[in-house]
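Enquirer: Just need the structure, nothing else, for what follows:
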Amino acid sequence: MADSGRELTADKDIHPLLRDAFDTLDATGARWLLLRGADDVTNPTGDVDLLADPIANQELDSALSDVGFFRTAAPGHGSHRFYFGYDAIGGTWVKLDIVSSVTFGAFAEWQTGLADGCLQRRIRVDGLPRPTAEDEAWLLLLHLVLDKGGIASSRVSAAAAAAGLATEVGPIPGELDARAGSGSAGQLLACVRSGRFKDVPELADDLHRRAAKPLMRRGIELRTRVLRRLAGPTLAGRRIQGLKVAVMGPDGAGKTTLLHGIGDHFPVQAAYVYMGMWAAGPWDTGIHRVPGGRSAQKIYRIAKGGTVAAYHTARGRLVLLDRVAYDAMLPGSIDYTLGGRLTAALMLRFAPTLDLLFVLDAPAEVMFARKGEHTLEVLDRWRCGYLEIATRVPQSVVLDAARPAAEVRRDAVDTVWQLLTRGRR
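Expert: Modelled structure (predicted):
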């Protein structure tokens, strides 16, 4: 039955962020369909793959940003457009991978004209626009064989079911035969239907060789690899600018855990920068014997870290800073001599300007139980010192670090994401 074009109904339980995105796509008037993952829309754990009409990029970006999805630039990924939304309640990312053309191969070297036909034939199943059963079966098989180069054990059942539905006659198998030689579609189906999954990688290589000249294929692969390596994922927009985020707190508050927790799986490329003003080095003994050597070392480290942070920020990356200059403002760290005051002033002068400073706060008993370092009195004094710093630094956010690490990370990631996407709605 042809697609009616109606908006989603409550026929299927869909994650709220996805439902908003799907309804938004419907509202644009563009044809679209769910390529894969119809069984995973309730709690998506991977990419949600969609095929959509090529509409104006700015229109799609603007429409999806209104419901909390923002695009990351993806040079070297063909027509793929990646959109991320953050579920602050569940602490998880929802990723849309929207393509406007049907291509195959790890580097999209198989360009086809199948998209329009797939969209014309789409049907609605449980309120979701999907390919016909025949199209869906072939799209899955070619995705596994040509894109992935093999069928993982977790996908064997799905591949076998698809091979049972697919036939050797139709637009998609016809495309395969035209590109790789007559009988290619039947060869692929026979391999999967007979359960010869170990032969799939060899078959995939053979199909690629038949479909494209080796030199041309290598050229596409090289160009794609270079683009992907030189341009990591950044938030798309006219002005690409990253963020500098730091975390402070006493030992046992969970600084390192939070920094790495923010960077892990963040849609924008993250860069970890350790400022290390008080870190031990192999040349410390000699440097500290020189008058002013200790101060010069601290200032050098701050300036070096600030330069690295500025570079990554200019590239649109999320910069995660550890051991920032504000540590010099803590009780017990302040040197009231003329040289000490001058060093502290220079450190703060050359330190990178932060966009966001998380201050972790937890009772001294909690921090001592976690690491067993220092005394309760020292930890409590530091706790008060960090809270004082938070009142003096406008971009500070105090987080209750007595909670489980996952909860702290969830709130921190939400704060960073909201700041990064501010003004893009």
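
Enquirer: Give the closest residue to residue 210 in space, chain neighbours not counted.
Expert: Once flanking residues are discounted, residue 210 sits nearest to residue 180: 4.2 Å by CB to CB, 6 or more residues apart in numbering. All C-beta atoms are positioned from the backbone trio N, CA, C, and that covers glycine.

Enquirer: Now do the contacts for the one you found.
Expert: 207, 210, 211 (CB atoms under 8 Å, 6 or more residues apart in numbering).

Enquirer: isn't there a helix covering residue 299?
Expert: Yes. According to DSSP: H, G, I helix; E, B strand; the rest coil, residue 299 belongs to a helix.

Enquirer: So what's the residue count around it?
Expert: Using other CB atoms under 10 Å, residue 299 is surrounded by 20 other residues.

Enquirer: quick revisit: tabulate the contacts of residue 180 in JSON lines, adding columns for pLDDT and distance to residue 296.
Expert: Supplementary listing: the contacts of residue 180 in JSON lines, determined by pLDDT from 0 to 100; distance: CB to CB, whole Å:
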{"residue": "207", "pLDDT": "93", "distance to residue 296": "63"}
{"residue": "210", "pLDDT": "86", "distance to residue 296": "65"}
{"residue": "211", "pLDDT": "81", "distance to residue 296": "62"}
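
Enquirer: Considering these, which possesses the most neighbours?
Expert: Most neighbours among the contacts of residue 180, by other CB under 10 Å: residue 207, with 23 neighbours.

Enquirer: could you say what helices and strands the helix or strand hosting that one packs with?
Expert: Residue 207 is part of helix 200-211, with elements assigned from DSSP states H and E. With contacts defined as 3 or more CB pairs under 8 Å, 6 or more residues apart in numbering; DSSP states H and E, the packing partners of helix 200-211 are helix 171-180, helix 184-193.

Enquirer: Go through those helices and name the closest to residue 223.
Expert: Proximity to residue 223 (CB to CB) singles out helix 171-180 among the helices and strands packed on helix 200-211, at 20.4 Å.

Enquirer: Using PDB, write out every CA atom in the closest one.
Expert: Backbone C-alpha positions of helix 171-180 (Å, rounded to 0.1, in the frame of the first residue of the first chain) are rendered in PDB as follows:
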ATOM      1  CA  PRO A 171      15.400  -2.400  -9.000                       C
ATOM      2  CA  ILE A 172      18.000  -3.100  -6.300                       C
ATOM      3  CA  PRO A 173      19.200  -6.600  -7.500                       C
ATOM      4  CA  GLY A 174      19.100  -5.100 -11.000                       C
ATOM      5  CA  GLU A 175      21.400  -2.400  -9.900                       C
ATOM      6  CA  LEU A 176      23.800  -5.000  -8.400                       C
ATOM      7  CA  ASP A 177      23.800  -7.100 -11.500                       C
ATOM      8  CA  ALA A 178      24.400  -4.000 -13.700                       C
ATOM      9  CA  ARG A 179      27.300  -2.900 -11.600                       C
ATOM     10  CA  ALA A 180      29.000  -6.200 -10.700                       C
END
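
Enquirer: can you pull the buried residues of that helix?
Expert: 172, 173, 175, 176, 177, 179, 180 (16 or more other CB atoms under 10 Å).

Enquirer: Nearest to residue 307 among the residues you listed?
Expert: residue 179 (50.1 Å).

Enquirer: Now do the contacts for residue 355.
Expert: Residues in contact with residue 355 (CB under 8 Å, 6+ apart) are 243, 244, 245, 395, 419.

Enquirer: distance of the spatially most central residue of the chain from residue 413?
Expert: Most central in the chain under CA atoms, centre = their mean is residue 267, positioned 2.2 Å from the mean C-alpha point. In this view, residue 267 and residue 413 are 10 Å apart by CB to CB, to the nearest Å.

Enquirer: rewinding a little: what would the contacts of residue 355 look like in TSV with neighbour count, distance to residue 90 and secondary structure?
Expert: Formatted as TSV, those follow (neighbours: other CB atoms under 10 Å; distance: CB to CB, whole Å; DSSP: H, G, I helix; E, B strand; the rest coil):
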residue	neighbour count	distance to residue 90	secondary structure
243	21	23	strand
244	24	27	strand
245	26	22	strand
395	15	27	coil
419	15	20	helix
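
Enquirer: Let me have those residues in a markdown table, extended by pLDDT and distance to residue 146.
Expert: Formatted as a markdown table, the contacts of residue 355 follow (pLDDT from 0 to 100; distance: CB to CB, whole Å):
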| residue | pLDDT | distance to residue 146 |
| --- | --- | --- |
| 243 | 91 | 38 |
| 244 | 93 | 42 |
| 245 | 95 | 40 |
| 395 | 93 | 48 |
| 419 | 92 | 40 |
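
Enquirer: Following the chain past the helix or strand harbouring residue 388, name the next helix or strand.
Expert: Secondary structure assigned from DSSP H and E places residue 388 in helix 376-392. Proceeding N to C from helix 376-392, the next assigned helix or strand is strand 396-400, under DSSP H and E.

Enquirer: mean confidence for that next one?
Expert: The predicted model assigns strand 396-400 a mean pLDDT of 96.

Enquirer: before we move on, what about stretch 97-113?
Expert: 89.

Enquirer: related to what we said a few turns ago, hmm, who's touching the helix holding residue 207?
Expert: So helix 200-211 is contacted by 105, 109-110, 144-146, 149-151, 176, 179-181, 184, 187-188, 191-192, 217 (CB under 8 Å, 6+ apart).

Enquirer: before we move on, what about stretch 158-177?
Expert: So stretch 158-177 is in contact with 112, 114, 117, 133-142, 144, 151, 183-186, 188-189, 192-193, 195, 197, 207, going by CB under 8 Å, 6+ apart.

Enquirer: Just the buried ones from these, in ChimeraX syntax?
Expert: The buried residues among the contacts of stretch 158-177 can be selected in ChimeraX (16+ other CB under 10 Å) with this line:
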select :112,114,117,134,135,136,137,138,139,140,141,142,144,151,184,185,188,189,192,197,207
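
Enquirer: Thanks again, I'm all set now.
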